[in-house]
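Visitor: structure for the following, please:
(2 chains)
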There are 2 protein chains.
Amino acid sequence: MKKDFIYNEIADNIASKIKTGVLQAGERLASVRILSREHGISINTAKRVFLELEAQSLVQSRPQSGYFVSPLPYLKLPLPQASQPLPTANITEPNELIDSVYSNMGNKELTLLSIGVPSGNLLPLAKLKKEVVLATRALKEGGTEYEPLQGNVKLRRMIAARSLAWEGHLKESDVVTTAGCMNALTLCLMALTKPGDTVAMESPCYPGILQLALSLRLKVLEVATDPVKGVNLDALKALLPQINVCLLVPNFNTPLGYCMPDDQKKAVVMLLEKHDIPLIEDDTYGDLYFGTERPKCCKSFDTKGNVLYCGSVSKTLAPGYRVGWVAPGKYKEQIMRLKMIHALSSTSVINEAVGNFLMTGRYENHLRHLRKTLQENYQRYALAIAEFFPVGTKISRPQGGLALWVEFPEGIDTATLYNYAMKKQISIAPGRMFTLQEQFHNCMRLCIGLPWTDDLRLTLKQIGNLAKWMVAKA
Amino acid sequence: MKKDFIYNEIADNIASKIKTGVLQAGERLASVRILSREHGISINTAKRVFLELEAQSLVQSRPQSGYFVSPLPYLKLPLPQASQPLPTANITEPNELIDSVYSNMGNKELTLLSIGVPSGNLLPLAKLKKEVVLATRALKEGGTEYEPLQGNVKLRRMIAARSLAWEGHLKESDVVTTAGCMNALTLCLMALTKPGDTVAMESPCYPGILQLALSLRLKVLEVATDPVKGVNLDALKALLPQINVCLLVPNFNTPLGYCMPDDQKKAVVMLLEKHDIPLIEDDTYGDLYFGTERPKCCKSFDTKGNVLYCGSVSKTLAPGYRVGWVAPGKYKEQIMRLKMIHALSSTSVINEAVGNFLMTGRYENHLRHLRKTLQENYQRYALAIAEFFPVGTKISRPQGGLALWVEFPEGIDTATLYNYAMKKQISIAPGRMFTLQEQFHNCMRLCIGLPWTDDLRLTLKQIGNLAKWMVAKA
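Guide: This next block holds a predicted model:
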């Protein structure tokens, strides 16, 4: 286990140097022998490091010469621009587009690059099924009875235990279960706002969150956001006087996939606390990191209970289970009251099954596999994009999560591209869905949670060809 | 099957004559032979009719003389008064009382007469467990995937099929699944109102509905309600100019248990339709009728799509499953949009299991048993109340459902009685919970969904003794 950790850590470290350009394409790497000596590891472990890097297409071996950094064409693709939304609220809703894209949900005829969940092929289905069967049999009344209002105690205990990894130090009494993360966000926004209040969010932002805020008759302020570091603190600061509550997804935000640096997380927490503005943190993607370490959360820096920490297993284990939670800090009483009114209970048997599954340690094992697959997928998608998409295409550098953000050259309208792609049974998520303003028309989000196949590569090629054809036509 | 039906029908018919006083205590009934001849049934079937009535304590046999109507002391207990709420909105919330009573949920130490769900002992647990296990195994991805937005198609098909019994004529495309009935009501109120709007409800009313309306910042108008016929149409008519939406529970409303007569249902539908006021109908208790026929709903008389029909299996099958639905009539698009934003999907595997269960016909069988138990419980509760409660106590005459409403003599404050009872590990639901106004202080709701035992009878005696002691003290 320890050995496995070292080998992964070294490989990740080298991978990171390659991706950030510290090691350049074509550059020769230290030999197996030197690597072994430098890190005090066996020759075999050192070899595994290189095999791992080779599997990720990051290095190539040349006979008699050793390992060299691969030419990685996608690393030359520029980053998307930092967003610059207007500092005013609620302009226009992309309702038709959203309805159209969401109506594809569950349609087995389509390649669903538009959704934000991992494919069933990447989930531990057999083990989950077993846990549901066991829980159904073990519960005295088979889960027909209401749970205690705060939620299944095993599940809450495991959420608390897992918070140690990101220095959250939650106790089981801090956690309230919900029907998925969106339900947690709903309870938080209902508890903290009244209609007409203003909520600040990152831009681009997950459409479900934008729609949720509007359905609660809130004003939405989209904040300028950097594709690598997340929300722009100066931009947020300038908007503070207008804001009643802030909702952020600092870890592997969909669609951009950045991980907000720790110092920025801390700064946001301090800033909002100082101005007495509650922070709702959506950490649904937090366990899907591509690096070696579970990133911290804003909640990690919260000493006053001002951060309402939300999560779920919908992106890691089972979208259809509707299992989520919130650690609402000092707002626990309001959240419990709203849960009592709007839900009363979660689905007892499923929450018991997930609680048990988390206790087995299988979750950690599954996450390790899932993270590796998603990271490899990102690289494969990126290579295909570099190969097939029009000159001038930009892509995000996700550090975790399920999404890749693509910015086409100006003039390619992705709502139109969506219509063309649908004729070929491909569903993408046009950029305009991720904002209430007129921006991101030439962007789209691709889900990287599908199993990689030759067909998927051809699907990406088809999208690229459509985009090239649109460029030529224009 | 046919024979069984006839025997039940005849027994119910006689029972109804006894309960309404057409047949008086002590009166002699037709002999087995005459009954057999009159109805063209066998002697054995006729005997079963009397055995059934005897089991319900409605008749007694005297050797050599035949069957006589039992003295039914509870039928002499007067009915509670029709409510007379003020024609103004939102006065005071009984929050502390509600929090205290709801915090007892799931507490196995208490006799929970305060809750409104059937005890697990009355549910088909083994069969339900089996369906969950089968569904978990049968679904390709074990229910980890999202359902289609509108919900599980088998479940929607069965809800539609079952609507024939109350002349609802729903199609599966008319139905949207939700996480229990409260979630259906939430979606309806959110779709139809904006904060500051006014919703009219029966009085007394289920506390969860009152709380829901307040949490959506609605004004609540409580409408005068008769304990036998339901909402007073003249009172409703007088309030129409102030009302944006009406929410009624016409079948076996908790706490009063009345069944609104068909002509009144039709009149309400016409009245609200004429004034373009949508009607949200909560029919969660509709299948729990004590008579021989499934009552119609307001939705049965809706030709314009103005009635949003809501239901669930929480009161008949499994509170902890969170399976409910709405047939939103002409408001389907708004409801679907809100479901997309707030839930996305129900819990796939549980909805599949319930859909399958409803298809087996076992549900009908289970309901028959449950209805019989609840009806017998009502009579046993009523007998115990007649025996043990203070002189002047009034009780409702539920025609179905899970609740019995008790009105003590003036001066017995049931919030105080609640505190005394809790010291004896008994939880009741004080009347003040069922209103936002200052009324029903001397009332309480008792759940009749617990299995009848000698202990339960003693529990009712304890409550009666406490109440008598409070009378004596005053």
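
Visitor: near chain B, which residues of the stretch 251-400 of chain A are found?
Guide: A:317-322, A:337-338, A:340-350 (CB under 8 Å from any CB of the partner chain). Backbone N, C-alpha and C define where each C-beta goes, glycine included.

Visitor: now with 7 Å?
Guide: A:318-322, A:338, A:340-345, A:347-350 (CB under 7 Å from any CB of the partner chain).

Visitor: show me what contacts residue A:17?
Guide: Contacts for residue A:17 (CB atoms under 7 Å, 6 or more residues apart in numbering or on different chains) come out as residue A:23.

Visitor: buried subset of the residues of the stretch 251-400 of chain A next to chain B, written for PyMOL?
Guide: Of those, the buried ones go into a single PyMOL selection, burial set by 16 or more other CB atoms under 10 Å in any protein chain shown:
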select buried, chain A and resi 318+319+320+321+322+338+340+341+342+343+344+345+347+348+349+350
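
Visitor: flag the least confident of the residues of the stretch 251-400 of chain A next to chain B.
Guide: Among those, residue A:344 has the lowest pLDDT, at 75.

Visitor: can you say which helix or strand has residue A:326 in it?
Guide: Using DSSP states H and E, residue A:326 sits in strand A:324-327.

Visitor: state the mean pLDDT of that strand.
Guide: For strand A:324-327, mean pLDDT rounds to 97.

Visitor: let's see that strand as PDB, backbone CA atoms only.
Guide: C-alpha atoms of strand A:324-327 as PDB (Å, rounded to 0.1, in the frame of the first residue of the first chain):
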ATOM      1  CA  GLY A 324     -26.600  13.800  -0.800                       C
ATOM      2  CA  TRP A 325     -25.900  15.900   2.300                       C
ATOM      3  CA  VAL A 326     -25.200  19.300   3.800                       C
ATOM      4  CA  ALA A 327     -23.100  20.300   6.800                       C
END
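
Visitor: which bits of the stretch 101-250 of chain A sit near chain B?
Guide: With CB under 7 Å from any CB as the criterion, the stretch 101-250 of chain A meets chain B at residues A:102, A:105-106, A:120, A:123, A:125, A:128-129, A:132-133, A:136-137, A:141-149, A:179, A:182, A:186, A:190, A:195, A:208, A:211-212, A:215, A:217.

Visitor: 6 Å - rerun?
Guide: A:102, A:105-106, A:120, A:123, A:125, A:128-129, A:132-133, A:136, A:141-146, A:148, A:179, A:186, A:195, A:211-212, A:215 (CB under 6 Å from any CB of the partner chain).

Visitor: buried residues in stretch A:364-376, which are they?
Guide: A:366-367, A:370-371, A:373-376.

Visitor: residue with max distance from the center of chain A?
Guide: Seen from the C-alpha centroid of chain A, the residue lying at the greatest distance (CA atoms, centre = their mean) is residue A:64, 41.6 Å away.

Visitor: which strand or helix spans that residue?
Guide: If you go by DSSP H and E, residue A:64 is not part of any helix or strand.

Visitor: re earlier: ok, and what's touching the strand holding residue A:326?
Guide: A:159, A:170, A:174-178, A:180-181, A:183-184, A:308-312 (CB atoms under 6 Å, 6 or more residues apart in numbering or on different chains).

Visitor: quick check: residue A:410 is in a helix.
Guide: No - the assignment for residue A:410, made by DSSP: H, G, I helix; E, B strand; the rest coil, is coil rather than a helix.

Visitor: what kind of secondary structure is residue A:456 in?
Guide: Assignment for residue A:456 (three-state DSSP): helix.

Visitor: measure it to chain B for me?
Guide: Using CB to the nearest CB, to the nearest Å, one obtains 18 Å as the distance from residue A:456 to chain B.

Visitor: count of neighbours near the nearest residue to that residue once chain neighbours are set aside?
Guide: Among residues not flanking residue A:456 along the chain, residue A:450 sits closest, at 6.0 Å (CB to CB, 6 or more residues apart in numbering or on different chains). For residue A:450, the count of nearby residues is 22 (other CB atoms under 10 Å in any protein chain shown).

Visitor: what segments of the stretch 151-300 of chain A are strands?
Guide: Assigned strands in the stretch 151-300 of chain A, in chain order: A:176-178, A:198-202, A:219-223, A:225-226, A:230-231, A:245-248, A:279-282 (criterion: DSSP state E, counting those that start in this stretch).

Visitor: what does the stretch 1-150 of chain A give?
Guide: With DSSP E, counting those that start in this stretch applied, the stretch 1-150 of chain A shows strands at A:59-62, A:66-69, A:111-112, listed in chain order.

Visitor: could you spell out the sheet neighbours of the strand holding residue A:326, each with its direction?
Guide: Strand A:324-327 has the following strand partners under DSSP bridges: strand A:176-178 (antiparallel), strand A:307-312 (antiparallel).

Visitor: so residue A:196 versus residue A:242, what's the distance?
Guide: Per CB to CB, to the nearest Å, residue A:196 is found 12 Å from residue A:242.

Visitor: who has more neighbours out of these two?
Guide: The neighbour comparison of residue A:196 against residue A:242 (other CB under 10 Å) goes to residue A:242, with 13 against 10.

Visitor: you'd agree that one is up against residue A:198?
Guide: Yes - between residue A:242 and residue A:198 there is a contact at 5.4 Å, judged by CB atoms under 6 Å.

Visitor: okay if I get the buried residues of stretch A:364-376 as CSV plus secondary structure, pLDDT and distance to residue A:414?
Guide: Output for the buried residues of stretch A:364-376, formatted as CSV (DSSP: H, G, I helix; E, B strand; the rest coil; pLDDT from 0 to 100; distance: CB to CB, whole Å):
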residue, secondary structure, pLDDT, distance to residue A:414
A:366, helix, 95, 33
A:367, helix, 95, 32
A:370, helix, 95, 28
A:371, helix, 94, 28
A:373, helix, 92, 26
A:374, helix, 94, 23
A:375, helix, 89, 25
A:376, helix, 88, 25
